[in-house]
Structure formats: C-alpha cells, structure tokens
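Trainee: starting from these lines, generate the structure:
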Amino acid sequence: MSAAPELDVAVVGAGPAGLTAAHELRRAGCREVRVYERSPQVGGRMRTLRHRGWTVDTGAEQLSARGYHATWELLRRLDVAPHDVTRVGAGLAVWREGRARYGVGEPTAPLTGAGLAPRARLDLLRLLTGAALARPGAATLRDLTHRYHPDLHDYLFQPVAGCFFGWDTARSAAAPLLDILRECGAPSAWLTYRDGMDFLTRRLAADLDVVTDRTVREVVDEGDRAVLRFADGDAVTARAVVLAVPAPVAVALRPELPPDEVPFLTASSFTPMLKVSCLLRRPLDPAGDRPVHVLLTPAVEEAELSGVVVDHAKHPGRAPAGHGLISLVAAPARVPELLAAPEEEAARRLTRAAERYVPGLGEPDAVVHHFVHAFRHGLPEARPRALHERPAFLARPARAVEYAGDWVMLRPAAEGAVRSGALAASRVLSHLGRPVPSGTERTEPNRAAT
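Mentor: Below you'll find the model as predicted:
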C-alpha cells in the first residue's frame, strides 16, 4: 500500500494565477497547499524589480477600475486599502507623421481623431456599434479591420495589440482584444498598484506556503494523486496539482497528456516579449504638448519599438525624486532577434530608436542604468484555433492535474490570470470532493471564446 500524499495540493508557478488558486484552496479548507516557483521571487509576469529607489515593473503595467471583477473581489477579500491602488497619470497617444496624437482609446476618439483620418473615425463608430464588435467569430485582427479604413488597423488595433500583447495582427484573433477593450473601457479608468505591480502577488504569497528557487521537471497524473519530480532529483506527491505556467511549459512538464486536453494545450501559443527599462537621471517625456503614460509607435511608423511607457507619469513613486523611468517595448517583429542578442545590444537598439520620440534620451549620462526584461512566453497569442478548441477543454472532467493562467481564459491580462486561478481551484475541489466556497468561479463566461 502506497504512502498517503504529502500535500493536499501542489501549485507550480507563483504568478497571479497560481497564487490565486492556492489562496482559494486554502480558503476552502485545504490545509497542505504548497506553491513551487522556479524564480527567486513571486510575481511571474507581474514581477517588480526594486533598485536604488526605482520601482520597475518588469511585465504588467496596469489594471482597470472596470472589467477586473475577479481581481477587485480578491482585493476586497485581502482588505487592500484604497490608497494602495491609484489612478494612472496621463493617457495614451499614438505617433503619426512626426508627432503624438492624443486620446487613444477614449470615448471621444471618434470626435477628436486620436490619430485617425476623418473617414476612419466614421468607420470606428461603425465598428464599435456594429455586429463585428459583438460577434467577431474567429477572425484575426487584420481580417476584421480589412473591410474598414486602413487607419483602424495601422494606427489603432495594430499598435495596441503590438505594444500591450506583442501580437501579430495577421495571426491573433480579434475577439479577445475586443472583449478586453469593451470590458475595461477608456485608459482614463486605468489604475496601478502604488508600490509596484507585484503588490497583489506579494500580498497573496504572504499568507501561503511558497517555495522559491525550486524547478519542477515533470508532473505525472496517477489518478488518485500526482507526482512532482524536481530538477534536483527529489519528488513530492500531492492529491492534486495546479500547473500555473504557460501552456507550452505545461505540455513540456506532462509526459502523457489526456487526449481531450491536447488540442487546446497545443493550440495555446505565446508571443515572446522584450522591453528595456531606462533609469533616468532626470524625468524625460515623449515630445508633445501634454504628458502621456504610453506613446504607441505603430509598425507603419517604427520598426524597432512598439511603444514607450512613461513609468514616472504612471506613478511618481516609480522613480526617486528628481529622476525618471521609462520602459521601451520592442516591436513584435524584432523580439526574436533581440532575444538572441546580448542584453547590451538589445538595450542599445531600443534606446537609439526611442531617441526619436523622447528628446534628451540620447544625451550622455541621460540613462543611469537599464534593465532588459525578456519573456520567451510573453502573453497568450489567442489564435483562432485556440478559440475553437477552448469550449471542449473547459468541458473536460476534473482531474488530479489542473491548469491556471491567462491562456486558459484567452484573456492576456492579470484579470485573466486571477479568473483562471479561481476556476482551477474550483475544479480541484470538485476532484477532491470538497465544497466550493462562495465567490470561487466554477465556469468562466468569456464571450471572446464563444
């Protein structure tokens, strides 16, 4: 007779998805829940780096007052003080023909222009009020916008998708992006955590059993239990496991996948992303007559960059007094070669490209220090095939090995990660025969995947 499992549940990955799953499982009464993270600290793509007074968000940049229902429920449960979540300073602009055009994403954009030609503004109204927004099906972003004025693709959807998600509009489905834009609303409603975007994950981890610097090599589902094998040769057994890692990583960890999981897992591809955070001797801002939080640089205007994030405009506490902080997001087409290049070369190329948009960035000693943040599995690409396979994946029976991550929701944002963590917890509890606590989501009514 084999020994009893050492843990109730093991969670692999200490990003928002894994930590939410662990939190919900503990809330449901699972006593032995342990989270394993291969990195030295928690956060995943919401990790924050602190360096000599600078607070550098390595991945995620903001959340929204709207459309983040699961996140706000979790924050309320954690008794997060209102001052810990603050409004993002400034708005979005897009670069067109030598200058910044303001008001991107705001309700007034069809009237003010926001970088769009007059006819394109009329097409934007048609798109926002038409059936295409409500039911885009499996069309890619390029296919959906092809019937409209080219500005809608070139100066709105491509720059937004490229900068925030690293997407190629010819491959990525329109539905998930439109769903996020519809739920979250205008950038003027965006918020950030005062102390860095890892605030939520640090708060969750403080009440959980988290082991960092621990790499899982393999996970085996034995029906009534699962076995985790680590890179150092050790192993641990658990009654259930949540793999809160990108889909390609989850596939690599599973020697045998159930047939009903294979189609969606293999369809869930990720875009790589890379950005360079520049720690500035003094605040520098994109050229223009008003401050911005993000300057989008469309592919039709710029080959190296997809955007400039002005972190000290997002929140003044991101940089020491009298200093500045900006992050340069690489263009999707350039990311693969930048990932293969030395970090110094990647930083040099993006900084040189950004000199066109940020006056003074090229001056000697303008940049005190820089950090390169590279994600080979940046964000879910949400291709049409993944949308097609997702309903069957959600309908599969609960098992000893479950999954969490924004890719499960096909929503490339922290809200998608939190929702998936709650969903994974409810499925694990079903497998274990435990009651599901109030507020834990059993299903996810994601319009983008239907």
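
Trainee: ok, the closest residue to Val245 other than its chain neighbours - contacts?
Mentor: Distances taken as C-beta to C-beta, 6 or more residues apart in numbering place Gly13 nearest to Val245, at 4.6 Å, with adjacent residues excluded. C-beta here means a position set from N, CA and C on the backbone, and glycine is covered the same way. Each residue near Gly13 by C-beta atoms under 8 Å, 6 or more residues apart in numbering is listed here: 35-37, 44, 243-245, 404-405.

Trainee: generate a ChimeraX selection restricted to the buried entries among the residues you listed.
Mentor: With 16 or more other C-beta atoms under 10 Å as the criterion, this ChimeraX line picks the buried residues out of the contacts of Gly13:
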select :35,36,37,44,243,244,245,404,405
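
Trainee: min pLDDT across the contacts of Gly13, which one?
Mentor: Among the contacts of Gly13, Gly44 carries the weakest pLDDT, at 95.

Trainee: quick revisit: torsion angles phi and psi at the residue nearest to Val245?
Mentor: phi 110, psi 120 (degrees, to the nearest 10).

Trainee: same question, Asp213
Mentor: Torsion angles, degrees, to the nearest 10, at Asp213: phi 60, psi 40.

Trainee: and what of Val300?
Mentor: phi -70, psi -10.

Trainee: ok, back up a step: Ala330: which of the contacts of Gly13 is nearest?
Mentor: Gly44 (19.5 Å; C-beta to C-beta).

Trainee: measure the residue lying closest to that closest one once chain neighbours are set aside to Val401 for me?
Mentor: What sits nearest to Gly44 in space, not counting adjacent residues and going by C-beta to C-beta, 6+ apart, is Gly15, at 2.4 Å. With distances taken as C-beta to C-beta, to the nearest Å, Gly15 is found 18 Å from Val401.

Trainee: which of these two has more neighbours?
Mentor: Gly15 (29 against 25; other C-beta atoms under 10 Å).

Trainee: what sits against that one?
Mentor: Gly15 touches 42-46, 201, 244, 405, 417, counting by C-beta under 8 Å, 6+ apart.

Trainee: now the residues you listed in CSV, with secondary structure?
Mentor: Formatted as CSV, the contacts of Gly15 follow (DSSP: H, G, I helix; E, B strand; the rest coil):
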residue, secondary structure
Val42, coil
Gly43, coil
Gly44, helix
Arg45, helix
Met46, helix
Thr201, helix
Ala244, coil
Gly405, coil
Ala417, helix
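
Trainee: before we move on, which element is Glu363 in?
Mentor: Using DSSP states H and E, Glu363 sits within no helix or strand.

Trainee: tell me the average confidence for the longest strand along the chain?
Mentor: Counting residues, the longest strand found in the chain (DSSP state E) is strand 367-380. Mean pLDDT, strand 367-380: 97.

Trainee: does Leu338 touch Ala346 like I think?
Mentor: Yes: using C-beta atoms under 8 Å, Leu338 is in contact with Ala346, at 4.4 Å.

Trainee: what is in contact with the two at once?
Mentor: 274, 330, 374.

Trainee: neighbour-wise, which of these leads?
Mentor: Counting by other C-beta under 10 Å, top hit in the shared contacts of Leu338 and Ala346: Ala330 with 29 neighbours.

Trainee: hang on, isn't it packed against Gly307?
Mentor: No: here Ala330 lies out of contact with Gly307, judged by C-beta under 8 Å, at a distance of 9.4 Å.

Trainee: now the strands: where do they sit in the stretch 101-250 of the chain?
Mentor: 190-193, 209-211, 216-221, 226-230, 235-243 (DSSP state E, counting those that start in this stretch).

Trainee: where does the residue nearest to Val245 land on pLDDT?
Mentor: 98.

Trainee: and the contacts of Gly13, which two are the farthest apart?
Mentor: Between any two of the contacts of Gly13 (C-beta to C-beta), the greatest distance is 15.1 Å, for Tyr36 and Gly405.

Trainee: ok, which stretches of the stretch 251-400 of the chain are strands?
Mentor: Using DSSP E, counting those that start in this stretch, strands in the stretch 251-400 of the chain cover 270-280, 292-296, 305-310, 324-330, 367-380.

Trainee: so where do the helices sit in the stretch 301-450 of the chain?
Mentor: 311-314, 335-340, 343-354, 384-394, 406-409, 414-432 (DSSP state H, counting those that start in this stretch).

Trainee: got those as TSV, with mean pLDDT, mean neighbour count and distance to Thr58 columns?
Mentor: Formatted as TSV, the helices of the stretch 301-450 of the chain follow (pLDDT from 0 to 100; neighbours: other C-beta atoms under 10 Å; distance: least, C-beta to C-beta, whole Å):
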stretch	mean pLDDT	mean neighbour count	distance to Thr58
helix 311-314	96	24	11
helix 335-340	97	16	15
helix 343-354	98	18	13
helix 384-394	96	18	25
helix 406-409	97	29	16
helix 414-432	97	26	13
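
Trainee: can you tell which of those is closest to Arg214?
Mentor: helix 414-432 (19.2 Å).

Trainee: give me the helices and strands touching that closest one, please.
Mentor: helix 16-27, strand 63-64, helix 69-77, strand 235-243, strand 401-403, helix 406-409 (3 or more C-beta pairs under 8 Å, 6 or more residues apart in numbering; DSSP states H and E).

Trainee: one more pass at 6 Å, please.
Mentor: helix 16-27, helix 69-77, strand 235-243, strand 401-403, helix 406-409 (3 or more C-beta pairs under 6 Å, 6 or more residues apart in numbering; DSSP states H and E).

Trainee: I'd like the ones you listed as TSV, with distance to Leu191 appended.
Mentor: Shown next, in TSV, are the helices and strands packed on helix 414-432 (distance: least, C-beta to C-beta, whole Å):
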stretch	distance to Leu191
helix 16-27	15
helix 69-77	10
strand 235-243	28
strand 401-403	28
helix 406-409	18
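
Trainee: and Asp143, which of those is closest to it?
Mentor: It's helix 406-409; of those, that one is closest to Asp143 (C-beta to C-beta) at 21.9 Å.

Trainee: using PDB, write down the CA coordinates of that closest one.
Mentor: What follows is the C-alpha trace of helix 406-409 in PDB, where atoms were taken according to Å, rounded to 0.1, in the frame of the first residue of the first chain:
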ATOM      1  CA  ASP A 406      -4.400  33.800 -18.600                       C
ATOM      2  CA  TRP A 407      -4.100  31.500 -21.500                       C
ATOM      3  CA  VAL A 408      -6.900  29.300 -20.100                       C
ATOM      4  CA  MET A 409      -9.200  32.400 -20.300                       C
END
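
Trainee: run through who's touching that helix.
Mentor: The contact list for helix 406-409, computed with C-beta atoms under 6 Å, 6 or more residues apart in numbering, reads 247, 268, 380, 412, 416-417, 419-420, 444, 446.

Trainee: appreciated, that's everything.
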